[in-house]
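Novice: Predicted model follows, preceded by the sequence.
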Amino acid sequence: MKRKYTKSGLILIIGIILSGLVSCENETVADMQSLPELPLLDDPSPDYFDEDFPDCSDFPDYSDEDFEEVSLADFPNLYGIWKLFCISEYDIRGRHPDLNNGAFLEIKSVDDFNRIFNYRLIEGGKIRLYKLKDEKTNLLRMAMIYEFSIDKRDIYLNSENDTLCLSYGCSKFYYTRATGYSKEDSLEMNITIKDLYEPAYTTNQLSEKLEAAYLNLSTGKLDDFFDDWNKTVKQNSNEFIYKNDTVKAVYDIYKVFYNPLDVLKLGDWEWGNSLNSDCKYVAVQNKMFYYILPDINIDNISYLETKRYYIDNFRPSVNLNSDKVLYLADEYNESINIFLGSESIEAGVGGIMNPSRPKGESEKRYNFLRQYIPILHGHWGGYWHIETHPEIERLVFNYKLDKATAYFRVGYMGGEATFSKDGNKWILEDSRATWIE
(Lines give C-alpha, C1' and ligand atoms only; values in the text may rest on other atoms or scores of the structure.)
Protein backbone atom coordinates (compact mmCIF):
# COMPACT_ATOMS: atom_id res chain seq x y z
CA MET A 1 0.00 0.00 0.00
CA LYS A 2 1.43 3.39 -0.96
CA ARG A 3 1.82 5.95 1.78
CA LYS A 4 0.26 9.37 1.33
CA TYR A 5 2.90 11.96 2.27
CA THR A 6 2.81 15.75 2.26
CA LYS A 7 6.30 17.24 2.29
CA SER A 8 6.66 20.57 4.01
CA GLY A 9 9.09 23.36 3.25
CA LEU A 10 8.22 24.99 6.55
CA ILE A 11 10.55 25.31 9.47
CA LEU A 12 11.37 21.90 10.90
CA ILE A 13 9.03 21.54 13.84
CA ILE A 14 9.24 18.89 16.48
CA GLY A 15 5.66 18.52 17.53
CA ILE A 16 2.38 16.87 17.11
CA ILE A 17 1.01 16.41 13.59
CA LEU A 18 -2.62 15.61 13.78
CA SER A 19 -4.52 12.84 12.11
CA GLY A 20 -7.18 12.69 9.44
CA LEU A 21 -8.32 14.93 6.61
CA VAL A 22 -9.94 18.21 7.59
CA SER A 23 -13.15 19.97 6.92
CA CYS A 24 -13.73 23.47 8.26
CA GLU A 25 -16.32 22.52 10.83
CA ASN A 26 -17.11 25.01 13.54
CA GLU A 27 -16.84 24.23 17.23
CA THR A 28 -16.10 26.19 20.34
CA VAL A 29 -13.58 26.20 23.13
CA ALA A 30 -14.61 24.87 26.53
CA ASP A 31 -13.09 27.53 28.76
CA MET A 32 -14.99 30.74 27.97
CA GLN A 33 -15.71 32.09 31.42
CA SER A 34 -12.90 34.68 31.51
CA LEU A 35 -13.97 36.47 28.30
CA PRO A 36 -16.38 39.43 28.18
CA GLU A 37 -19.71 39.06 26.40
CA LEU A 38 -19.48 41.25 23.31
CA PRO A 39 -20.96 41.18 19.80
CA LEU A 40 -20.03 38.17 17.67
CA LEU A 41 -17.27 38.83 15.13
CA ASP A 42 -18.13 38.18 11.49
CA ASP A 43 -15.88 35.57 9.90
CA PRO A 44 -13.95 36.44 6.75
CA SER A 45 -14.13 34.08 3.79
CA PRO A 46 -11.57 31.29 3.28
CA ASP A 47 -10.24 33.23 0.26
CA TYR A 48 -9.13 35.95 2.64
CA PHE A 49 -6.62 33.59 4.21
CA ASP A 50 -5.59 31.93 0.96
CA GLU A 51 -4.55 35.32 -0.39
CA ASP A 52 -3.05 36.88 2.70
CA PHE A 53 -1.11 33.99 4.22
CA PRO A 54 1.84 32.32 2.50
CA ASP A 55 1.74 28.62 1.74
CA CYS A 56 4.01 26.29 3.70
CA SER A 57 6.53 26.26 0.86
CA ASP A 58 6.98 30.05 1.14
CA PHE A 59 8.81 29.79 4.47
CA PRO A 60 12.59 29.22 4.33
CA ASP A 61 14.01 26.35 6.36
CA TYR A 62 15.42 28.35 9.25
CA SER A 63 17.60 26.69 11.89
CA ASP A 64 17.47 27.39 15.61
CA GLU A 65 20.66 29.45 15.30
CA ASP A 66 18.73 31.99 13.19
CA PHE A 67 16.54 32.92 16.17
CA GLU A 68 17.05 34.97 19.31
CA GLU A 69 14.95 34.93 22.47
CA VAL A 70 12.43 37.73 22.98
CA SER A 71 9.61 38.50 25.37
CA LEU A 72 5.93 38.82 24.60
CA ALA A 73 6.24 42.51 25.48
CA ASP A 74 8.28 42.95 22.28
CA PHE A 75 5.15 42.05 20.30
CA PRO A 76 2.25 44.00 21.82
CA ASN A 77 0.06 43.18 18.81
CA LEU A 78 -0.13 39.59 20.08
CA TYR A 79 -2.02 40.63 23.20
CA GLY A 80 -5.80 40.32 23.23
CA ILE A 81 -8.56 37.92 22.24
CA TRP A 82 -8.29 35.89 19.02
CA LYS A 83 -10.89 33.76 17.27
CA LEU A 84 -9.98 30.60 15.37
CA PHE A 85 -11.48 30.68 11.90
CA CYS A 86 -10.24 27.70 9.88
CA ILE A 87 -7.93 24.71 10.08
CA SER A 88 -6.34 23.34 6.92
CA GLU A 89 -5.01 19.95 5.87
CA TYR A 90 -5.28 17.92 9.10
CA ASP A 91 -8.27 17.11 11.26
CA ILE A 92 -7.44 17.85 14.87
CA ARG A 93 -10.72 16.75 16.36
CA GLY A 94 -10.46 14.20 19.12
CA ARG A 95 -6.78 14.50 19.97
CA HIS A 96 -6.98 18.28 20.45
CA PRO A 97 -10.39 18.99 21.95
CA ASP A 98 -10.09 22.73 22.58
CA LEU A 99 -8.69 23.74 19.19
CA ASN A 100 -11.87 23.98 17.12
CA ASN A 101 -13.41 26.50 14.78
CA GLY A 102 -15.08 29.29 16.71
CA ALA A 103 -12.68 28.97 19.64
CA PHE A 104 -11.83 32.20 21.45
CA LEU A 105 -8.35 32.35 22.96
CA GLU A 106 -6.95 35.19 25.03
CA ILE A 107 -3.22 36.02 25.05
CA LYS A 108 -2.08 37.68 28.25
CA SER A 109 1.27 35.87 28.70
CA VAL A 110 3.54 33.62 26.70
CA ASP A 111 2.00 30.64 28.51
CA ASP A 112 -1.27 31.36 26.72
CA PHE A 113 0.25 30.08 23.49
CA ASN A 114 -0.33 26.63 24.92
CA ARG A 115 -4.05 27.30 24.65
CA ILE A 116 -3.66 28.40 21.03
CA PHE A 117 -1.63 25.36 20.10
CA ASN A 118 -3.68 23.32 22.55
CA TYR A 119 -0.56 21.53 23.67
CA ARG A 120 -0.57 20.85 27.38
CA LEU A 121 2.61 22.07 29.06
CA ILE A 122 3.88 19.00 30.87
CA GLU A 123 4.86 19.41 34.50
CA GLY A 124 8.29 21.02 34.80
CA GLY A 125 8.25 22.51 31.28
CA LYS A 126 9.12 26.10 30.44
CA ILE A 127 8.06 28.23 27.47
CA ARG A 128 10.37 30.53 25.52
CA LEU A 129 9.58 32.83 22.58
CA TYR A 130 12.06 33.57 19.76
CA LYS A 131 12.23 35.77 16.64
CA LEU A 132 14.55 35.79 13.66
CA LYS A 133 17.79 37.71 14.23
CA ASP A 134 18.29 40.98 12.35
CA GLU A 135 15.09 40.51 10.38
CA LYS A 136 12.01 42.70 10.16
CA THR A 137 9.64 39.80 10.30
CA ASN A 138 6.66 38.68 12.28
CA LEU A 139 7.71 35.04 12.14
CA LEU A 140 8.16 33.76 15.70
CA ARG A 141 9.10 30.40 17.18
CA MET A 142 7.79 29.07 20.47
CA ALA A 143 9.77 26.40 22.29
CA MET A 144 8.47 24.26 25.14
CA ILE A 145 11.56 23.10 26.99
CA TYR A 146 11.68 20.00 29.18
CA GLU A 147 14.52 18.16 30.84
CA PHE A 148 14.78 15.58 28.07
CA SER A 149 13.13 17.21 25.05
CA ILE A 150 12.14 20.43 23.29
CA ASP A 151 8.92 20.90 21.30
CA LYS A 152 8.63 23.77 18.82
CA ARG A 153 5.80 25.64 17.10
CA ASP A 154 5.82 28.58 14.68
CA ILE A 155 3.70 31.72 14.66
CA TYR A 156 3.21 34.19 11.80
CA LEU A 157 1.66 37.52 12.82
CA ASN A 158 0.13 39.63 10.07
CA SER A 159 -0.24 42.88 12.00
CA GLU A 160 -1.77 44.75 9.04
CA ASN A 161 -4.76 42.45 8.89
CA ASP A 162 -4.81 41.51 12.57
CA THR A 163 -4.50 37.83 11.78
CA LEU A 164 -2.38 34.97 13.05
CA CYS A 165 -1.14 31.86 11.27
CA LEU A 166 0.13 29.07 13.52
CA SER A 167 1.85 26.09 11.98
CA TYR A 168 2.73 22.46 12.64
CA GLY A 169 4.45 21.35 9.45
CA CYS A 170 1.81 21.95 6.76
CA SER A 171 -1.10 22.20 9.18
CA LYS A 172 -2.13 25.84 9.56
CA PHE A 173 -4.40 27.49 12.12
CA TYR A 174 -5.87 30.89 11.29
CA TYR A 175 -7.02 33.42 13.88
CA THR A 176 -8.66 36.82 13.52
CA ARG A 177 -8.60 39.56 16.11
CA ALA A 178 -11.86 39.10 18.04
CA THR A 179 -13.90 41.83 19.64
CA GLY A 180 -16.07 39.40 21.58
CA TYR A 181 -18.19 36.31 21.41
CA SER A 182 -21.79 35.27 21.60
CA LYS A 183 -23.55 32.88 23.93
CA GLU A 184 -23.69 30.36 21.07
CA ASP A 185 -19.90 30.06 21.39
CA SER A 186 -20.08 29.02 25.02
CA LEU A 187 -19.36 26.29 27.47
CA GLU A 188 -22.78 24.82 26.69
CA MET A 189 -21.49 23.38 23.40
CA ASN A 190 -18.68 21.47 25.15
CA ILE A 191 -19.69 19.30 28.07
CA THR A 192 -17.01 17.56 30.11
CA ILE A 193 -18.01 14.47 32.07
CA LYS A 194 -15.55 13.81 34.87
CA ASP A 195 -15.37 11.07 37.43
CA LEU A 196 -13.72 11.07 40.85
CA TYR A 197 -10.31 9.76 39.72
CA GLU A 198 -7.39 11.09 41.78
CA PRO A 199 -3.79 10.34 40.72
CA ALA A 200 -1.68 8.35 43.15
CA TYR A 201 1.54 9.89 41.76
CA THR A 202 2.62 13.13 40.13
CA THR A 203 4.18 13.28 36.68
CA ASN A 204 7.56 14.07 38.24
CA GLN A 205 7.40 11.08 40.59
CA LEU A 206 6.64 8.72 37.70
CA SER A 207 9.37 10.31 35.56
CA GLU A 208 11.89 9.71 38.33
CA LYS A 209 10.89 6.03 38.55
CA LEU A 210 11.32 5.53 34.81
CA GLU A 211 14.64 7.36 34.81
CA ALA A 212 15.98 5.28 37.71
CA ALA A 213 15.00 2.05 35.95
CA TYR A 214 16.65 3.15 32.71
CA LEU A 215 19.89 4.48 34.20
CA ASN A 216 20.32 1.20 36.08
CA LEU A 217 19.14 -0.86 33.07
CA SER A 218 16.86 -2.49 35.63
CA THR A 219 14.07 -4.61 34.18
CA GLY A 220 13.11 -5.34 37.79
CA LYS A 221 12.37 -1.67 38.45
CA LEU A 222 10.51 -1.47 35.16
CA ASP A 223 8.48 -4.56 36.07
CA ASP A 224 7.55 -2.85 39.33
CA PHE A 225 6.59 0.37 37.50
CA PHE A 226 4.14 -1.34 35.15
CA ASP A 227 2.80 -3.75 37.76
CA ASP A 228 2.08 -0.85 40.11
CA TRP A 229 0.42 1.06 37.26
CA ASN A 230 -1.83 -1.91 36.54
CA LYS A 231 -2.83 -2.20 40.19
CA THR A 232 -3.18 1.54 40.85
CA VAL A 233 -5.27 2.80 37.93
CA LYS A 234 -8.33 0.56 37.59
CA GLN A 235 -11.35 0.64 35.29
CA ASN A 236 -14.09 3.14 36.00
CA SER A 237 -16.85 2.33 38.48
CA ASN A 238 -20.15 0.76 37.42
CA GLU A 239 -21.86 3.73 39.04
CA PHE A 240 -20.13 6.03 36.53
CA ILE A 241 -20.49 3.74 33.49
CA TYR A 242 -24.21 3.27 34.08
CA LYS A 243 -24.95 6.85 35.12
CA ASN A 244 -27.23 7.30 32.06
CA ASP A 245 -28.12 5.59 28.79
CA THR A 246 -25.78 7.75 26.71
CA VAL A 247 -22.65 7.16 28.79
CA LYS A 248 -23.50 3.48 28.97
CA ALA A 249 -23.79 3.36 25.16
CA VAL A 250 -20.28 4.88 24.83
CA TYR A 251 -18.80 2.23 27.09
CA ASP A 252 -20.78 -0.60 25.49
CA ILE A 253 -19.63 0.31 21.98
CA TYR A 254 -16.02 0.62 23.08
CA LYS A 255 -16.13 -2.87 24.58
CA VAL A 256 -17.37 -4.29 21.25
CA PHE A 257 -14.88 -2.19 19.27
CA TYR A 258 -11.62 -2.54 21.19
CA ASN A 259 -9.36 -5.52 20.60
CA PRO A 260 -5.78 -4.37 20.01
CA LEU A 261 -4.66 -7.96 19.38
CA ASP A 262 -7.07 -8.36 16.45
CA VAL A 263 -7.17 -5.05 14.57
CA LEU A 264 -7.88 -6.91 11.31
CA LYS A 265 -11.52 -7.17 12.38
CA LEU A 266 -11.66 -3.41 11.71
CA GLY A 267 -10.08 -3.45 8.24
CA ASP A 268 -6.78 -3.91 6.40
CA TRP A 269 -3.80 -2.16 7.97
CA GLU A 270 -0.12 -1.65 7.18
CA TRP A 271 1.15 -3.97 9.89
CA GLY A 272 -1.75 -6.41 9.94
CA ASN A 273 -2.08 -7.79 13.46
CA SER A 274 1.60 -7.29 14.30
CA LEU A 275 1.29 -3.61 15.34
CA ASN A 276 0.78 -4.46 19.02
CA SER A 277 2.63 -7.77 19.19
CA ASP A 278 5.29 -8.92 21.68
CA CYS A 279 4.28 -6.65 24.58
CA LYS A 280 3.25 -7.43 28.14
CA TYR A 281 0.52 -4.78 28.39
CA VAL A 282 -1.83 -2.57 26.39
CA ALA A 283 -2.39 1.10 27.26
CA VAL A 284 -6.04 2.12 26.84
CA GLN A 285 -6.86 5.69 25.78
CA ASN A 286 -7.84 8.05 28.57
CA LYS A 287 -10.25 10.41 26.78
CA MET A 288 -13.39 9.90 24.72
CA PHE A 289 -15.25 12.49 22.65
CA TYR A 290 -18.79 11.86 21.45
CA TYR A 291 -21.70 13.66 19.79
CA ILE A 292 -25.46 13.12 19.80
CA LEU A 293 -27.07 14.14 16.51
CA PRO A 294 -30.57 15.65 16.39
CA ASP A 295 -31.45 13.19 13.64
CA ILE A 296 -32.18 9.48 13.26
CA ASN A 297 -29.38 9.18 10.68
CA ILE A 298 -25.64 9.50 11.27
CA ASP A 299 -24.54 10.35 7.74
CA ASN A 300 -24.06 14.08 8.22
CA ILE A 301 -23.05 16.12 11.23
CA SER A 302 -22.89 19.86 11.76
CA TYR A 303 -20.37 20.35 14.52
CA LEU A 304 -21.51 23.95 14.93
CA GLU A 305 -24.99 22.80 15.92
CA THR A 306 -24.07 19.63 17.81
CA LYS A 307 -22.96 19.50 21.40
CA ARG A 308 -19.73 17.68 22.04
CA TYR A 309 -19.31 15.53 25.14
CA TYR A 310 -15.96 14.65 26.57
CA ILE A 311 -15.27 11.85 29.06
CA ASP A 312 -12.02 12.41 30.92
CA ASN A 313 -10.35 9.49 32.70
CA PHE A 314 -12.35 7.16 30.46
CA ARG A 315 -11.02 3.81 31.85
CA PRO A 316 -13.47 1.46 30.11
CA SER A 317 -14.03 -2.23 30.70
CA VAL A 318 -12.42 -4.24 27.87
CA ASN A 319 -12.48 -7.88 26.80
CA LEU A 320 -8.90 -8.52 27.83
CA ASN A 321 -7.15 -10.03 30.84
CA SER A 322 -7.28 -7.24 33.44
CA ASP A 323 -3.71 -8.01 34.51
CA LYS A 324 -2.54 -6.91 31.06
CA VAL A 325 -4.51 -3.65 30.86
CA LEU A 326 -3.14 -0.19 31.69
CA TYR A 327 -5.30 2.93 31.70
CA LEU A 328 -3.36 5.86 30.27
CA ALA A 329 -4.10 8.51 32.87
CA ASP A 330 -2.57 11.92 32.14
CA GLU A 331 0.27 11.59 34.63
CA TYR A 332 1.45 8.34 33.00
CA ASN A 333 1.11 9.72 29.48
CA GLU A 334 3.09 12.81 30.40
CA SER A 335 5.84 10.97 32.26
CA ILE A 336 6.40 8.51 29.40
CA ASN A 337 6.58 11.37 26.89
CA ILE A 338 9.14 13.14 29.05
CA PHE A 339 11.14 9.92 29.41
CA LEU A 340 11.18 9.19 25.67
CA GLY A 341 12.14 12.66 24.50
CA SER A 342 11.78 13.76 20.90
CA GLU A 343 14.97 12.92 19.00
CA SER A 344 13.98 11.67 15.56
CA ILE A 345 14.99 11.26 11.94
CA GLU A 346 12.98 13.53 9.67
CA ALA A 347 10.15 11.94 7.69
CA GLY A 348 11.20 11.22 4.11
CA VAL A 349 14.85 10.43 4.86
CA GLY A 350 15.95 7.46 2.75
CA GLY A 351 12.76 7.63 0.68
CA ILE A 352 9.95 10.15 0.35
CA MET A 353 7.40 7.66 1.73
CA ASN A 354 9.43 6.77 4.84
CA PRO A 355 7.94 7.88 8.18
CA SER A 356 10.06 9.53 10.83
CA ARG A 357 11.92 7.21 13.20
CA PRO A 358 13.36 7.74 16.68
CA LYS A 359 17.10 8.17 16.97
CA GLY A 360 19.81 8.57 19.58
CA GLU A 361 18.70 8.55 23.19
CA SER A 362 15.01 8.48 22.23
CA GLU A 363 15.54 5.28 20.27
CA LYS A 364 17.31 3.63 23.20
CA ARG A 365 14.54 4.64 25.60
CA TYR A 366 11.87 3.48 23.18
CA ASN A 367 13.50 0.06 22.93
CA PHE A 368 13.66 -0.08 26.73
CA LEU A 369 9.87 0.39 27.04
CA ARG A 370 8.64 -1.33 23.87
CA GLN A 371 8.71 -4.82 25.43
CA TYR A 372 6.08 -3.61 27.92
CA ILE A 373 3.68 -1.50 25.85
CA PRO A 374 3.40 -1.12 22.05
CA ILE A 375 4.41 2.53 21.81
CA LEU A 376 4.41 3.88 18.25
CA HIS A 377 6.65 6.70 17.09
CA GLY A 378 4.75 9.54 15.39
CA HIS A 379 4.78 9.42 11.59
CA TRP A 380 6.02 13.02 11.26
CA GLY A 381 8.62 12.87 14.01
CA GLY A 382 9.20 14.18 17.52
CA TYR A 383 6.06 12.77 19.15
CA TRP A 384 4.61 9.42 20.22
CA HIS A 385 1.41 7.41 20.25
CA ILE A 386 1.46 6.02 23.78
CA GLU A 387 -2.11 4.66 23.69
CA THR A 388 -2.42 1.19 22.18
CA HIS A 389 -4.38 1.34 18.93
CA PRO A 390 -7.10 1.22 17.77
CA GLU A 391 -7.89 4.62 19.26
CA ILE A 392 -11.32 6.19 18.82
CA GLU A 393 -10.92 9.87 18.06
CA ARG A 394 -14.65 10.63 18.14
CA LEU A 395 -17.91 8.73 18.37
CA VAL A 396 -21.15 9.98 16.77
CA PHE A 397 -24.64 8.75 17.79
CA ASN A 398 -28.07 9.39 16.34
CA TYR A 399 -30.62 10.82 18.75
CA LYS A 400 -32.28 7.43 19.35
CA LEU A 401 -28.95 5.96 20.48
CA ASP A 402 -29.39 2.95 18.21
CA LYS A 403 -26.85 3.87 15.51
CA ALA A 404 -23.28 5.13 15.84
CA THR A 405 -20.10 5.76 13.86
CA ALA A 406 -16.62 5.59 15.36
CA TYR A 407 -13.79 7.51 13.69
CA PHE A 408 -10.55 5.85 14.73
CA ARG A 409 -6.81 5.41 14.19
CA VAL A 410 -4.68 2.28 13.74
CA GLY A 411 -0.98 3.09 13.43
CA TYR A 412 -0.46 5.55 10.60
CA MET A 413 -3.92 4.87 9.17
CA GLY A 414 -7.47 5.67 10.14
CA GLY A 415 -10.93 4.33 9.53
CA GLU A 416 -14.64 4.42 10.26
CA ALA A 417 -16.72 1.77 12.01
CA THR A 418 -20.53 1.73 12.06
CA PHE A 419 -22.63 0.16 14.80
CA SER A 420 -26.31 -0.60 15.31
CA LYS A 421 -28.17 -1.67 18.40
CA ASP A 422 -30.05 -4.98 18.42
CA GLY A 423 -32.06 -5.21 21.61
CA ASN A 424 -29.58 -4.51 24.39
CA LYS A 425 -26.48 -5.31 22.33
CA TRP A 426 -24.38 -3.20 20.00
CA ILE A 427 -23.36 -4.87 16.73
CA LEU A 428 -20.35 -3.89 14.62
CA GLU A 429 -21.89 -3.67 11.14
CA ASP A 430 -18.98 -2.43 9.06
CA SER A 431 -15.44 -1.13 9.50
CA ARG A 432 -12.81 -0.09 6.99
CA ALA A 433 -9.69 1.99 6.49
CA THR A 434 -10.37 5.43 5.01
CA TRP A 435 -7.05 7.33 5.15
CA ILE A 436 -3.30 6.94 5.55
CA GLU A 437 -0.58 9.38 6.58
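Specialist: Cool, the structure landed. Every value quoted in this text rests on a predicted model; they were computed, and no experiment measured them.

Novice: the strands in the stretch 251-400 of the chain, which residues?
Specialist: Ranges of strands in the stretch 251-400 of the chain, per DSSP state E, counting those that start in this stretch, are 282-284, 287-292, 308-312, 325-327, 344-345, 357-358, 376-377, 384-385, 391-397.

Novice: And the first one, what does it pack against?
Specialist: This points to strand 282-284. strand 325-327 (3 or more CB pairs under 8 Å, 6 or more residues apart in numbering; DSSP states H and E). From N, CA and C alone the C-beta is placed, and that goes for glycine too.

Novice: Note down every partner strand of the strand it packs on and its orientation.
Specialist: Applying DSSP bridges, strand 325-327 is found paired with strand 282-284 (parallel).

Novice: got a list of contacts for the partner strand?
Specialist: Under the criterion CB atoms under 8 Å, 6 or more residues apart in numbering, residues 258, 260-261, 276, 314-316, 318, 320, 324-328, 332, 373-374, 386-388 lie in contact with strand 282-284.

Novice: In helices, which of those appear?
Specialist: Judged by DSSP state H, the subset of the contacts of strand 282-284 located in helices is residue 332.

Novice: Write a PyMOL command that selects only the buried members of the contacts of strand 282-284.
Specialist: Selection of buried members from the contacts of strand 282-284 for PyMOL, criterion 16 or more other CB atoms under 10 Å:
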select buried, resi 258+260+276+314+315+316+318+325+326+327+328+332+373+374+386+387+388
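
Novice: Nearest to residue 429 among the strands of the stretch 251-400 of the chain would be which one?
Specialist: Residue 429 lies closest to strand 391-397 among the strands of the stretch 251-400 of the chain, at 14.2 Å (CB to CB).

Novice: quick one: average confidence on that closest one?
Specialist: Strand 391-397 carries an average pLDDT of 93.

Novice: what packs against it?
Specialist: Here strand 391-397 touches helix 245-257, strand 287-292, strand 403-410, going by 3+ CB pairs under 8 Å, 6+ apart.

Novice: and these, which is most packed in?
Specialist: Of all the helices and strands packed on strand 391-397, strand 403-410 has the most neighbours on average by mean count of other CB atoms under 10 Å, namely a mean of 24.

Novice: how big is the angle separating it from strand 287-292?
Specialist: With axes from the mean of the first three to the mean of the last three CA atoms, to 10 degrees defining the directions, strand 403-410 sits at 150 degrees from strand 287-292.

Novice: Of all the helices and strands packed on strand 391-397, which one is nearest residue 432?
Specialist: Among those, strand 403-410 comes nearest to residue 432, with 10.9 Å by CB to CB.

Novice: now the angle from that closest one to strand 391-397?
Specialist: Going by the same axes, to 10 degrees, strand 403-410 makes 170 degrees with strand 391-397.

Novice: Map the structural domains onto the sequence of the protein.
Specialist: 46-185, 189-436 (automatic domain parsing).

Novice: and those, which one is worst for confidence?
Specialist: Mean pLDDT is lowest for domain 46-185 among these, at a mean of 64.

Novice: ok, now which ones touch the residue lying closest to residue 329 once chain neighbours are set aside?
Specialist: In space, and not counting its chain neighbours, residue 329 is closest to residue 233: 5.3 Å by CB to CB, 6 or more residues apart in numbering. Going by CB under 8 Å, 6+ apart, residue 233 touches 200, 315, 326-327, 329, 332.

Novice: could you dump those residues to TSV with distance to residue 211?
Specialist: Shown next, in TSV, are the contacts of residue 233 (distance: CB to CB, whole Å):
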residue	distance to residue 211
200	18
315	26
326	19
327	22
329	19
332	14
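
Novice: picking that back up, can the strands of the stretch 251-400 of the chain go into CSV with extra columns for distance to residue 432?
Specialist: Output for the strands of the stretch 251-400 of the chain, formatted as CSV (distance: least, CB to CB, whole Å):
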stretch, distance to residue 432
strand 282-284, 23
strand 287-292, 21
strand 308-312, 25
strand 325-327, 27
strand 344-345, 30
strand 357-358, 28
strand 376-377, 21
strand 384-385, 21
strand 391-397, 15
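
Novice: The protein: helices as residue ranges?
Specialist: So, for the chain - with DSSP H - the helices run 46-52, 113-117, 203-215, 219-232, 238-241, 245-257, 330-340, 360-370.
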